[in-house]
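Q: Pasting the sequence and the predicted model now:
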Amino acid sequence: MAALVVCSGGLDSVTLAYKIAAERRLGRLLSFDYGQRHRKELGFAAEAAKSLGVPHEVIDIAGVGARLSGSALTDAAEVPDGHYAEETMRVTVVPNRNAIMMTIAFGLAASAGLDAVALAMHGGDHFIYPDCRPGFIDAFRNMQDRALEGMWQVALGAPFLHLDKAGIVSEGHRLGVPFARTWNCYKGGQVHCGRCGTCVERREAFHVAGVNDPTDYADADYWKSVTKIQAG
């Protein structure tokens, strides 16, 4: 069994790539340039593929992303500071982003003779992102089975779907994932800002997991003020 892993270059998807590789099922990594302001993440996906010794492809759908306006990831809207689960983070939703990417991924996997597509949606995504929830995954799996029926069989794997970010950090630590060579910050600066929702979630996850966080943050302590955890 060989899987195509959709890998953004973030902590979750790079950890997933290492997990699938450890299970000897990794075929290749696939990334998407959808015009995201933090497209520097793609370089980290390329690094992961090189480290794992598998091909890596970037699909350019920036023309589509430019038309999915209103999101802070693809438009001029400012990326808000704060906790990942706050209502303000809804401005980071890109309409149908995962559905678009997954449809392409399944087509490529079928064409390449791969029998699975693996994705890194996790439990912490459910509050804000509708296309990361179990109901969406189940519906997409059913749709995709019909789309390829009688021609190809490509499974959908989402092993982190009911796991929180701290659980992913723990899994990545076990697998030896080079966390410092992953990128999450939505602002796409020189270093992680430490203030946007995904930076706060990342920093909090390392703390909860009890794993050293090697990430360089512009504001390394902001997360303490927007979480319920009292960090010493």
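A: Received, thanks. Numbering: from 1, shown residues only.
Q: only C-alpha atoms for contact and neighbour calcs from this point on.
A: OK.
Q: For the closest residue to residue 166 other than its chain neighbours, grab the count of nearby residues.
A: Closest residue to residue 166 apart from its sequence neighbours, by Cα to Cα, 6 or more residues apart in numbering: residue 205 at 4.1 Å. For residue 205, the count of nearby residues is 20 (other Cα atoms under 10 Å).
Q: And the lengthiest helix in the chain, what's buried?
A: Identified as the longest helix of the chain according to DSSP state H is helix 97-112. Neighbour-count burial for helix 97-112 flags 98, 101-102, 105-107, 109-110 (criterion: 16 or more other Cα atoms under 10 Å).
Q: Please apply the same query to stretch 139-147.
A: 140-141, 144-145.
Q: what's the distance between residue 218 and residue 138?
A: 39 Å (Cα to Cα, to the nearest Å).
Q: Mind putting the buried residues of helix 97-112 into a markdown table with distance to residue 53?
A: Shown next, in a markdown table, are those (distance: Cα to Cα, whole Å):
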| residue | distance to residue 53 |
| --- | --- |
| 98 | 26 |
| 101 | 23 |
| 102 | 23 |
| 105 | 20 |
| 106 | 22 |
| 107 | 23 |
| 109 | 18 |
| 110 | 21 |
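Q: In CSV: these, plus pLDDT and distance to residue 5.
A: Shown next, in CSV, are the buried residues of helix 97-112 (pLDDT from 0 to 100; distance: Cα to Cα, whole Å):
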residue, pLDDT, distance to residue 5
98, 92, 13
101, 95, 12
102, 97, 10
105, 98, 9
106, 98, 11
107, 97, 13
109, 98, 10
110, 97, 13
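Q: Please, where are all the strands along the chain?
A: Under the criterion DSSP state E, the chain contains strands at 3-6, 26-33, 56-60, 116-118, 155-157.
Q: contacting residues around the first one?
A: Okay, so that is strand 3-6. Here strand 3-6 makes contact (Cα atoms under 8 Å, 6 or more residues apart in numbering) with 13, 16-17, 20, 25-31, 105, 109, 114-120.
Q: Only the buried residues of the worst-scoring helix or strand of the chain on mean pLDDT, if you could.
A: Counting by mean pLDDT, DSSP states H and E, the chain has its least confident helix or strand at helix 62-65, which shows a mean of 88. For helix 62-65, a neighbour-count test (16+ other Cα under 10 Å) marks residue 65 as buried.
Q: send the alpha carbons of that helix over as CSV?
A: Extracted in CSV, the C-alpha atoms of helix 62-65 (Å, rounded to 0.1, in the frame of the first residue of the first chain):
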residue,chain,number,x,y,z
ALA,A,62,-3.1,30.4,-7.0
GLY,A,63,-5.5,31.5,-9.7
VAL,A,64,-8.3,29.7,-7.9
GLY,A,65,-7.2,30.9,-4.5
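Q: Sounds good, over and out.
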